[in-house]
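Chemist: Mind folding the following:
(one chain, ligands or ions: 1)
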Amino acid sequence: MTPDRSTGRGLALEPLWTRPEATDTAVTGRMRGGALPPALATRYGSRLAIPLHPNRPTIVANFVASLDGVVAMADGSGGGEISGWFEPDRFVMGLLRSLADAIVVGAGTVRHAPAHEWTPRRVNRAHAADYEAWRGALGLAPQPTTVVVTATGDVDPAHPALSAPDVPVVVLTTARGARHLADLGLAAHVQVVDAGGDMRVAPAAVVDVLRAEHAALALCEGGPHLLANLVAADLVDELFLTLAPQVMGRSHETDRLGFVEGFAAAAGAGRWLDLVSVHRGDDHLFLRHRRRGADRRDQSRSGSASSR
Ligand SMILES: NC(=O)c1ccc[n+]([C@@H]2O[C@H](COP(=O)([O-])OP(=O)(O)OC[C@H]3O[C@@H](n4cnc5c(N)ncnc54)[C@H](OP(=O)(O)O)[C@@H]3O)[C@@H](O)[C@H]2O)c1
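Modeler: Predicted coordinates for the structure are as follows:
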């Protein structure tokens, strides 16, 4: 059994700042979430609501990074080592998973976490019942659909993310990956979607799968190569970034990833975001950013507010 190395367990995050125009009274489009139930509000504050894109599934991303931007080490270790096994980081991840219809992950992240399952209940067991109750109150399906993106189809059918019968799974892959997956003996509840091609799945295919799954809100938990595709296609609506108070550094001998790998914006063409809120948990900062202009877009194009 893995030793429990958690730090900061049960800590209430301190809401430091919220963008005034990002409050629910100012954002008039459809929202997912709203008032948090008491068991969750004591840890995060009274509300968490995410505006939904009027024309396509909304995609938010969640990462934890060191102060100098490292999210993964060369040996494949990632979130826990970066956050210092900080339980409030997993708490926030659970909140975001609770709001999502689908969780999108790259096959590299799945391979590096052989015991994980992309559900709210798995990321923070102490709050599993609270997350489940909130999903129920919001009228969401019991579990978000796990969407695994892979070009090769190199996934382990026995991985918990692919084998829990109550968690719907879509493996989104290429024609090459689909041929490989056909022989793997995946569980009956795992749906393989062939997006064609050999080398990569286009970001538009991710959107198509989310639409087909009737997912209004998807959470992308990386990894960095998958996220890069979505950032390049301007499909990331919000970023929830935990900044862990450590400096990791990089050298020629150590290959360490930032949260976007494989896409480099030209100077002057970076993706600018608006800061939406800042929470503090001890020395960790929890930053929430929204794609610049998204508030204005949602206000001008969409109809009346709702709680989902
Ligand atoms: N700190 C954090 O918050 C955080 C979060 C997530 C992950 N991580 C860390 O990140 C590391 C993994 O990084 P990574 O960049 O390799 O992860 P990744 O993006 O999940 O995995 C890359 C793999 O995902 C598949 N993939 C990604 N984009 C694709 C596309 N457009 N089309 C088809 N397949 C696509 C490919 O799988 P195939 O090879 O099967 O074709 C590719 O090799 C791990 O160490 C993990 O712990 C850290």
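
Chemist: need the residues of the stretch 1-150 of the chain near the ligand, please.
Modeler: Within the stretch 1-150 of the chain, the positions adjacent to the ligand are 63-64, 71-72, 76, 78-79, 82, 105-109, 112, 149-150 by CB under 6 Å from any ligand atom. Heads up, the C-betas are built off the backbone N, CA and C, glycines and all.

Chemist: Out of those residues, who's the most crowded?
Modeler: residue 149 (30 neighbours; other CB atoms under 10 Å).

Chemist: related to what we said a few turns ago, list just the nearest of the residues of the stretch 1-150 of the chain next to the ligand to residue 165.
Modeler: Proximity of those to residue 165, judged by CB to CB, is greatest for residue 105, which lies at 19.0 Å.

Chemist: okay, now the nearest residue to the closest one once chain neighbours are set aside: neighbour count?
Modeler: Excluding the flanking residues, the one nearest residue 105 by CB to CB, 6 or more residues apart in numbering is residue 221, at 5.3 Å. A count of nearby residues for residue 221, using other CB under 10 Å, gives 24.

Chemist: show me what contacts residue 221?
Modeler: Residue 221 sits next to 61, 62, 63, 93, 103, 104, 105, 109, 118 when contact means CB atoms under 8 Å, 6 or more residues apart in numbering.

Chemist: Inside helices: which ones of the residues you listed?
Modeler: Members of these lying in helices (criterion: DSSP state H): 93, 109.

Chemist: The contacts of residue 221 into JSON lines, with extra columns for pLDDT?
Modeler: Below are the contacts of residue 221 laid out as JSON lines (pLDDT from 0 to 100):
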{"residue": "61", "pLDDT": "98"}
{"residue": "62", "pLDDT": "98"}
{"residue": "63", "pLDDT": "98"}
{"residue": "93", "pLDDT": "98"}
{"residue": "103", "pLDDT": "98"}
{"residue": "104", "pLDDT": "98"}
{"residue": "105", "pLDDT": "98"}
{"residue": "109", "pLDDT": "97"}
{"residue": "118", "pLDDT": "98"}
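
Chemist: can you redo the contacts of residue 221 as a markdown table with distance to residue 212?
Modeler: Listed next are the contacts of residue 221 as a markdown table, based on distance: CB to CB, whole Å:
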| residue | distance to residue 212 |
| --- | --- |
| 61 | 21 |
| 62 | 23 |
| 63 | 26 |
| 93 | 25 |
| 103 | 16 |
| 104 | 13 |
| 105 | 18 |
| 109 | 22 |
| 118 | 18 |
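
Chemist: where do the helices sit along the stretch 1-150 of the chain?
Modeler: In the stretch 1-150 of the chain, the segments counted as helices under DSSP state H, counting those that start in this stretch are 38-44, 79-83, 87-99, 107-112, 120-123, 128-138.

Chemist: Against which helices or strands is the fifth one packed?
Modeler: Contacting helix 120-123 under the criterion 3 or more CB pairs under 8 Å, 6 or more residues apart in numbering; DSSP states H and E are the following elements: helix 87-99, helix 128-138.

Chemist: Give me the residues contacting it.
Modeler: Residues contacting helix 120-123 (CB under 8 Å, 6+ apart): 90, 93-94, 97-98, 116, 127-128, 131-132, 135, 144, 160.

Chemist: can you give me the strands in this structure?
Modeler: 14-18, 31-35, 47-51, 58-66, 102-106, 145-150, 169-173, 190-194, 217-220, 238-244, 273-281, 284-291 (DSSP state E).

Chemist: which ones are touching residue 276?
Modeler: Contact analysis of residue 276 by CB under 8 Å, 6+ apart lists 18, 19, 22, 238, 288, 289, 290.

Chemist: how many neighbours does residue 270 have?
Modeler: 10.

Chemist: And it, how far from residue 234?
Modeler: Distance of residue 270 to residue 234, given as CB to CB, to the nearest Å: 12 Å.

Chemist: Next: residue 186.
Modeler: 32 Å.

Chemist: Of those two, give the one with the bigger neighbour count.
Modeler: Applying other CB under 10 Å to residue 186 and residue 234 shows that residue 186 carries more neighbours, namely 19 against 10.

Chemist: nearest residue to the more buried one other than its sequence neighbours?
Modeler: residue 157 (5.0 Å).

Chemist: what's the burial count for the one you found?
Modeler: Neighbours around residue 157, by other CB under 10 Å: 13.

Chemist: mind listing what it touches?
Modeler: 163, 184, 185, 186, 187, 190.

Chemist: can you check residue 86 too?
Modeler: Residues near residue 86 by CB under 8 Å, 6+ apart: 6, 7, 8, 64, 242, 244, 281, 282, 284.

Chemist: about what we covered before: how near is the residue nearest to residue 186 to the ligand?
Modeler: 14 Å (CB to the nearest ligand atom, to the nearest Å).

Chemist: Okay then, goodbye and thanks.
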